[in-house]
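K.L.:
Build me a model:
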Amino acid sequence: MPIWGRSILLDLENISAHYGDVQALENVSLRIKEGQIVSIVGSNGAGKSTTLNTISGVIQSSSGTIEFLGKRIENLPPHRIVELGIVQIPEARLLFPYMTVLENLELGAFNPQARKGTGENLEAVFRLFPVLEDRKNQLAGTLSGGEQQMLAIARGLMARPKLLMLDEPSLGLAPLLVKQVFETVKEINAQGITVLLVEQNVFHSLSIADEAYVLENGRVVLGGQGKEILSNPQVKEAYLGI
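P.N.:
Residues are numbered from 1 along each chain as shown. Presented below is the predicted three-dimensional model:
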């Protein structure tokens, strides 16, 4: 089905958020359709991670609305948002280093809906990341950086998300592994999972995005198709040094 014919999955309208007295987001609006890859780009401190944390309920919005599949979620606790189908892969991965790969994956299927299909979900993530099956009895903290990122993504997939939000998945990885991460994001999307991607690697992020938003100082300053934004002269100069 073409993108324009798909229904709205997530709709943010005029979301604002604060850290104490400091305003981190100001009237942020964005819309994600089912089956899309949507990227949020911007400099450090622009509000990218805060946007994800507000969607997932980690940070409470101070104004505005968030709808997921037509249901208002801005006042729901994080565990209820996960149960509805929104899963966030945090920037720092936040694995349990002294638990095995398998134990970390099983924790990803904590919500009741996902728990029913734990075996099936394990088979699916092992097909996507065969190295994790080889390492399933190894402590997560002993994995390489690239393998830990795979595990973080796989743990998120164990929750059977409708929307997978990835915060800086390529951070700190070697160039070859960065390319692999973005190929993985495309493969996950091809399996029918909608993706919201926050990423400092602007070129790769916008190259794979159906839609994209540029944040500056907590505000959306530009939105449109990913490749159109990638060709925008201001974006090229600010983020690509061209």
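K.L.:
now residue 168: how far from residue 149?
P.N.:
Separation of residue 168 from residue 149 (Cβ to Cβ, to the nearest Å): 10 Å. The C-beta positions use only the backbone N, C-alpha and C, and glycine is treated the same way.
K.L.:
Same check on residue 215?
P.N.:
Computed as Cβ to Cβ, the residue 215 to residue 149 distance reads 23 Å.
K.L.:
can you check residue 155 too?
P.N.:
Between residue 155 and residue 149 the distance is 11 Å, computed by Cβ to Cβ.
K.L.:
Over to residue 162?
P.N.:
22 Å.
K.L.:
So those two - more neighbours on which side?
P.N.:
Each of residue 162 and residue 149 has its neighbours counted (other Cβ atoms under 10 Å); residue 149 has more, 27 against 16.
K.L.:
Are we agreed that residue 82 is in a helix?
P.N.:
Yes: counting by DSSP: H, G, I helix; E, B strand; the rest coil, residue 82 is part of a helix.
K.L.:
Double-check it against residue 160; I have them as touching.
P.N.:
No: between residue 82 and residue 160 there is no contact under Cβ atoms under 8 Å: 10.1 Å.
K.L.:
and residue 74, what does it touch?
P.N.:
Residues near residue 74 by Cβ atoms under 8 Å, 6 or more residues apart in numbering: 15, 54, 60-61, 64-66.
K.L.:
the bottom helix or strand of the chain by mean pLDDT?
P.N.:
helix 112-115 (a mean of 73; mean pLDDT, DSSP states H and E).
K.L.:
what comes up buried for that one?
P.N.:
Residues of helix 112-115 classed as buried by neighbour count (16 or more other Cβ atoms under 10 Å): residue 114.
K.L.:
circling back: intersection of neighbour lists for residue 155 and residue 149?
P.N.:
By Cβ under 8 Å, 6+ apart, residue 155 and residue 149 have no common neighbours.
K.L.:
where does this protein have low pLDDT?
P.N.:
Across the chain, the ranges flagged by pLDDT under 70 are 1-5, 240-242.
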